[in-house]
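Colleague: Let's see this in three dimensions:
(one chain, ligands or ions: 1)
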Amino acid sequence: MSMSLRVVVPPHPLIGHWLTLLRDQDTPPALFATAMAELGRWLTYEALRDWLPHRAMRVQTPLAETDGHVVDGAVPLLAVPILRAGLGLWQGAQAVVPTARVAHVGLRRDEHSGEASWYLDQLPETIGERVGVLVFDPMVATAGSLTQVLERLEAKGVSGQRVRVISALAATPGLRKLGEQFPDLTLYAACIDAELDGSFRIVPGLGDAGDRLYGTQSPHYLG
Ligand code: PRP
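Modeller: Numbering: from 1, shown residues only. Sure, this is the predicted structure:
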């Protein structure tokens, strides 16, 4: 069976709306956070459509018995927000999968080399074979950060259809790299941008998601 990276960009006016607010350089941090959370919510909703385990049951309404379906709570979900900015997506997604267990991971990208390095890893030591994993990474630029998280999950036996990635924006170079290493991965994004600039930033992109989300800037001067 041939496998290739599946990138889903749901065609929906709300997704376009919230992405445009993220892109707008005049969007203040509070509204930026709202837009990121809304994308997290709706992209996760889409990602669960054919993936969330559910089971049939009979239900008694006040008038009659009929067929129903409920989410199968026996199948555990793990949410993995990549700090910092992945928290912005997860904040909205949490309303959709409120019972998911959460494991934060923290990676920081060096602005000169573009290399991501770890500063937090709360992934469970062992992840059961039934667990489905949602990874939240707001931007896939070089895909260096996401690749490192997927490699650690793979080392714990989690890969392929058991993983879904939620991302506000993905760039073609990063997707190409992901496709080579994880050909059976599925990723949901609001848009695909074609390019990176010389500093590994997505163009046109939306700037630095973490800084815009939290209103942080250069640590060197405030005054
Ligand atoms: C940014 C962004 C992604 C990553 C994308 O995080 O939020 O996680 O870079 O780049 P990549 O695909 O080239 O790895 P950053 O390291 O700036 O951390 P932050 O979320 O704390 O701002």
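
Colleague: Let me know the helix or strand that the residue of the chain found nearest the ligand is in.
Modeller: Residue nearest to the ligand within the chain: residue 210 (2.1 Å; C-beta to the nearest ligand atom). For glycine as for every other residue, the C-beta is placed from the backbone atoms N, C-alpha and C. In the assignment (DSSP states H and E), residue 210 maps to helix 209-214.

Colleague: Could I get the contacting residues of the nearest residue to residue 186 once chain neighbours are set aside?
Modeller: Leaving out its chain neighbours, the residue that sits closest to residue 186 by C-beta to C-beta, 6 or more residues apart in numbering is residue 6, at 4.4 Å. Residue 6 sits next to 185, 186, 187 when contact means C-beta atoms under 8 Å, 6 or more residues apart in numbering.

Colleague: how long is stretch 60-71 end to end?
Modeller: The stretch stretch 60-71 measures 17 Å between its terminal residues, going by C-alpha to C-alpha, to the nearest Å.

Colleague: Now do that stretch: distance to the chain's middle.
Modeller: 34 Å (C-alpha atoms, centre = their mean, to the nearest Å).

Colleague: about what we covered before: could I get the phi/psi values of the residue nearest to residue 186?
Modeller: Dihedral pair for residue 6: phi -110, psi 120, per degrees, to the nearest 10.

Colleague: Residue 74: neighbouring residues, count only.
Modeller: By the measure other C-beta atoms under 10 Å, the count of residues near residue 74 is 8.

Colleague: Where does the prediction get shaky in the protein?
Modeller: Within the chain, the segments meeting pLDDT under 70 span 1-2, 218-223.

Colleague: Show me which residues of it sit near the ligand.
Modeller: 82-85, 107-109, 114, 116, 137-146, 174, 200, 208-210 (C-beta under 6 Å from any ligand atom).

Colleague: Make a PyMOL selection of the buried ones in those.
Modeller: Buried members of the residues of the chain next to the ligand, defined by 16 or more other C-beta atoms under 10 Å, are picked up in PyMOL with:
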select buried, resi 82+83+84+85+107+109+114+116+137+138+139+140+141+142+143+144+145+146+174+200+209+210
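
Colleague: Point out the ones among the residues of the chain next to the ligand that are inside strands.
Modeller: 82, 83, 107, 108, 109, 116, 139, 140 (DSSP state E).

Colleague: Buried residues, the longest helix seen in the chain. List them.
Modeller: When the chain is parsed with DSSP state H, its longest helix is helix 29-48. Of all the residues in helix 29-48, those buried under the rule 16+ other C-beta under 10 Å are 32-48.

Colleague: just stretch 68-82 next, same as before
Modeller: In stretch 68-82, counting by 16+ other C-beta under 10 Å, buried: 77, 78, 79, 80, 81, 82.

Colleague: about what we covered before: next, format the ones in strands among the residues of the chain next to the ligand as TSV and append distance to residue 214.
Modeller: Below are those laid out as TSV (distance: C-beta to C-beta, whole Å):
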residue	distance to residue 214
82	15
83	11
107	16
108	14
109	16
116	18
139	15
140	20
